[in-house]
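1. what's the 3D shape of this:
(chains A and B, ligands or ions: 2)
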Amino acid sequence: MTAHSAIQPTHVTVGDAKDKNWYIDKSFEILMFICGISAIIFVVGIFLFVFKEGLGFILGDMNFSEFFLSQKWRPTSLNKATYGILAMVAGTAAVTGLAMLICLPISIGAAIFIAEFAKGRTREILKIVIEFLAAIPSVVWGFIALSIMNPLIINVFDVPMGLGVLNSAIILALMAAPIVTSIAEDAFKAVPDTYREAAEALGATRWQTIYKVILPAAKNGLLSAGLLGVGRGFGETMAILMASGHSINIPTSVFDSFRALTATIAAELGETAVGSPHYQSLFAIGIFLFLITFIINMTADFIVRGVRKG
Amino acid sequence: MVNSTVSRAKIKIEVKDLSIAYGGHKALGPVNLDIRESEIFGVIGPANSGKTSFLNAINRMDMMRTNMNVTGNIRIDDIDTRNWRNVYALRRKIGVVFPLPVGLPLSVYDNVALAPRLAGTAGTQAQLDELVERCLRRAALWDEVKDRLGHLGSLLSGGQQQRLTIARALSQSPEILMLDEFSIAVDPVTTMRIEDVLKELKSEMTIILVTNLVQQANRLADRTAFFLNGECVEIGETEQLFNGQAKDQRTNDYIGGKFG
Ligand SMILES: Nc1ncnc2c1ncn2[C@@H]1O[C@H](COP(=O)(O)OP(=O)(O)OP(=O)(O)O)[C@@H](O)[C@H]1O
Ligand SMILES: [Mg+2]
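-> Ligands and ions are numbered 1, 2, ... in the order given. Below is the predicted model of the structure:
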């Protein structure tokens, strides 16, 4: 053996054949690629469909300032149809905001309890109950809004009607709570135990450990939990249709009735002639909702990334 | 002569019939030993011998672990640790350095300022600044981080993070400092720097040094205990143990590198 022969490339022929495992690996790679691509195709397809249906309206009858700044949604008026979504945007935003004010403290509190305090059985039972809450269909929540929350609000606050912002926000908060709780819990779970031990060894109480160390460490996950809740608020339809009172009106008090963007589409789309300006204007609302969700998701992504880098 | 002066030193921690079990499975004990004020007390022994469990019992971390069962007594300054109603105050007297550095996801400054802030002893901003600087200097880290106190502590290098945890442990002015295999993830040069720091700190606090490097115990510890599979085999003057004067043959074998 000379020094040169040692660096000669040696071709391994026996072990280098494409064996069964190689083919399985390759097929899985292709399969996963198709799955990944199909998700993109679906999203793009849906967007194109919604966009195509709404495009005629956006280019034709739509007046941007009227659409965003007018409260008058009168698509069926015989004299002059007006398409203003301001009241609906205001209603949806107000309800989502109030719902998050109710939902986030409760959900994060519940997540803290499950992740940091509850042990064994208590914890399992809690998780099951919360999962059960997530499985309740939207229309059942609407039913609760109408038959339980409505009289309750009328009695407790002595107001003439219990359907509106408060009712919807409570229902929405309850609907979003399970998913927000479980994402927040995952965020707490992801905080390594070594952080907890280090903090406790410094003499931190349980509460101090949570407040000073675990919450800051979990803030990315909590943020995405909150944004998911917001997304849920903008997208929820059936329960809100039933809980809101469905009258077009910029709410000035939590007892006011309002109308949600989604509920408008759901309630009116079936009654319109395909291709009519009214039909198309509903698709324009759909595009608007689509963009909002897109912006929320992008913001979440952006913030989470920024936090990670800092 | 030497022995008589040492034995007159005040006893800081008195451990009596200490046994530790996890869910019925015994991990350590019974242990009987005294740790004197201002000494470095070394604990050596192979993996699984119960060293970390021993430290966890001293600062009552067993409260966090439902399956950890501690029996016997640990008295610090003549008070049984079980009689402390406020265990958080007890833990503030004891600084801990873990085997793998735990830079909390806070800035370098906030890592060191955390304990005083938690205890409500942070004082004015100027006082806190001074404390943070002093602790970082004593941990031999100041020069490397003084320009980036606002950076995330968890982004420092491993050796720097380990010194950061030492600075953090010092920030509560502990009476006792417990180090658990601190050099496991640290390069030899940094290890030597930390060892120098410990020699200086010794005059102010009692140090318990758990180490899997027997020579580290030899370099630093005044007295050393040898744990093996949950048994406290021997406690003695470090010098004697390392001079081959250990009473138990297993100690000689371990120190001589015959096993473990
Ligand atoms: N949280 C725990 N739950 C169950 N058993 C544990 C726990 N912590 C330690 N033990 C057990 O206690 C015994 C002693 O472990 P300990 O961590 O005290 O050893 P050690 O001497 O520190 O070892 P090493 O040198 O590897 O760190 C081991 O058998 C271990 O499995
Ligand atoms: Mg250990």
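2. which residues touch B:Thr224?
-> With contacts taken as Cβ atoms under 8 Å, 6 or more residues apart in numbering or on different chains, B:Thr224 has the following neighbours: B:Phe41, B:Gly42, B:Val43, B:Ile44, B:Ala217, B:Ile235, B:Gly236, B:Glu237, B:Thr238, B:Leu241. Every residue, glycine included, has its C-beta placed from N, CA and C.
3. swap in B:Val31?
-> B:Val15, B:Asp17, B:Leu18, B:Ser19, B:Phe54, B:Gly72, B:Cys232.
4. so is it in a helix, a strand, or just coil?
-> strand (DSSP: H, G, I helix; E, B strand; the rest coil).
5. Ok, B:Phe182 next?
-> Classified using three-state DSSP, B:Phe182 is coil.
6. For the residue nearest to it when sequence neighbours are not counted, the count of nearby residues, please.
-> Distances taken as Cβ to Cβ, 6 or more residues apart in numbering or on different chains place B:Val97 nearest to B:Phe182, at 4.9 Å, with adjacent residues excluded. A count of neighbours around B:Val97, defined by other Cβ atoms under 10 Å in any protein chain shown, yields 26.
7. now A:Asp158
-> By other Cβ under 10 Å, the residues close to A:Asp158 number 7.
8. who in the stretch 51-200 of chain A is up against chain B?
-> Taking Cβ under 8 Å from any Cβ of the partner chain, the part of the stretch 51-200 of chain A that reaches chain B is made up of A:Lys119, A:Thr194, A:Tyr195, A:Arg196, A:Glu197, A:Ala198, A:Ala199, A:Glu200.
9. check which helix or strand covers the residue of the stretch 51-200 of chain A found nearest chain B.
-> Minimum separation of the stretch 51-200 of chain A from chain B (Cβ to the nearest Cβ) falls at A:Ala198, amounting to 4.3 Å. Under the criterion DSSP states H and E, the helix or strand holding A:Ala198 is helix A:193-201.
10. Can you point out the buried residues in that helix?
-> Residues of helix A:193-201 classed as buried: A:Tyr195, A:Arg196, A:Glu197, A:Ala198, A:Ala199, A:Glu200, A:Ala201 (neighbour count, 16 or more other Cβ atoms under 10 Å in any protein chain shown).
11. How about stretch B:191-211?
-> Going by neighbour count (16+ other Cβ under 10 Å), the buried part of stretch B:191-211 is B:191, B:193-194, B:197-198, B:201-202, B:205-211.
12. Can you lay out those residues as JSON lines showing pLDDT and secondary structure?
-> Output for the buried residues of stretch B:191-211, formatted as JSON lines (pLDDT from 0 to 100; DSSP: H, G, I helix; E, B strand; the rest coil):
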{"residue": "B:Thr191", "pLDDT": "92", "secondary structure": "helix"}
{"residue": "B:Arg193", "pLDDT": "91", "secondary structure": "helix"}
{"residue": "B:Ile194", "pLDDT": "92", "secondary structure": "helix"}
{"residue": "B:Val197", "pLDDT": "92", "secondary structure": "helix"}
{"residue": "B:Leu198", "pLDDT": "94", "secondary structure": "helix"}
{"residue": "B:Leu201", "pLDDT": "93", "secondary structure": "helix"}
{"residue": "B:Lys202", "pLDDT": "92", "secondary structure": "coil"}
{"residue": "B:Met205", "pLDDT": "95", "secondary structure": "coil"}
{"residue": "B:Thr206", "pLDDT": "96", "secondary structure": "strand"}
{"residue": "B:Ile207", "pLDDT": "97", "secondary structure": "strand"}
{"residue": "B:Ile208", "pLDDT": "97", "secondary structure": "strand"}
{"residue": "B:Leu209", "pLDDT": "97", "secondary structure": "strand"}
{"residue": "B:Val210", "pLDDT": "96", "secondary structure": "strand"}
{"residue": "B:Thr211", "pLDDT": "94", "secondary structure": "strand"}
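13. Among the contacts of B:Val31, name the buried ones.
-> Judged by 16+ other Cβ under 10 Å, buried ones among the contacts of B:Val31: B:Val15, B:Leu18, B:Ser19, B:Phe54, B:Cys232.
14. which residue does the stretch 51-200 of chain A bring closest to ligand 1?
-> A:Asp193 (10.1 Å; Cβ to the nearest ligand atom).
15. so what pLDDT did that residue get?
-> You'll see A:Asp193 listed with a pLDDT of 91.
16. Who does B:Glu231 form a beta bridge with?
-> For B:Glu231, the beta-bridge partners under DSSP bridges are B:Leu228.
17. Distance of the residue nearest to B:Phe182 relative to ligand 1?
-> According to Cβ to the nearest ligand atom, to the nearest Å, B:Val97 and ligand 1 sit 14 Å apart.
18. That residue against B:Glu181, yeah?
-> No: using Cβ atoms under 8 Å as the test, B:Val97 is too far from B:Glu181 to be in contact (9.2 Å).
19. mind giving me CSV with the buried residues of stretch B:191-211 and columns for distance to B:Met61?
-> Formatted as CSV, those follow (distance: Cβ to Cβ, whole Å):
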residue, distance to B:Met61
B:Thr191, 25
B:Arg193, 28
B:Ile194, 23
B:Val197, 24
B:Leu198, 22
B:Leu201, 22
B:Lys202, 24
B:Met205, 19
B:Thr206, 18
B:Ile207, 18
B:Ile208, 14
B:Leu209, 18
B:Val210, 14
B:Thr211, 19
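20. Where does pLDDT dip in chain A?
-> By pLDDT under 70, the weakly predicted segments of chain A are A:1-14, A:303-310.
21. all strands of it, in order?
-> Applying DSSP state E to chain A gives strands spanning A:73-74, A:82-83.
22. do you know which of the ones you listed lies nearest A:Ile136?
-> Nearest of these to A:Ile136, taken as Cβ to Cβ: strand A:73-74 at 30.5 Å.
23. Alright, calling it a day.
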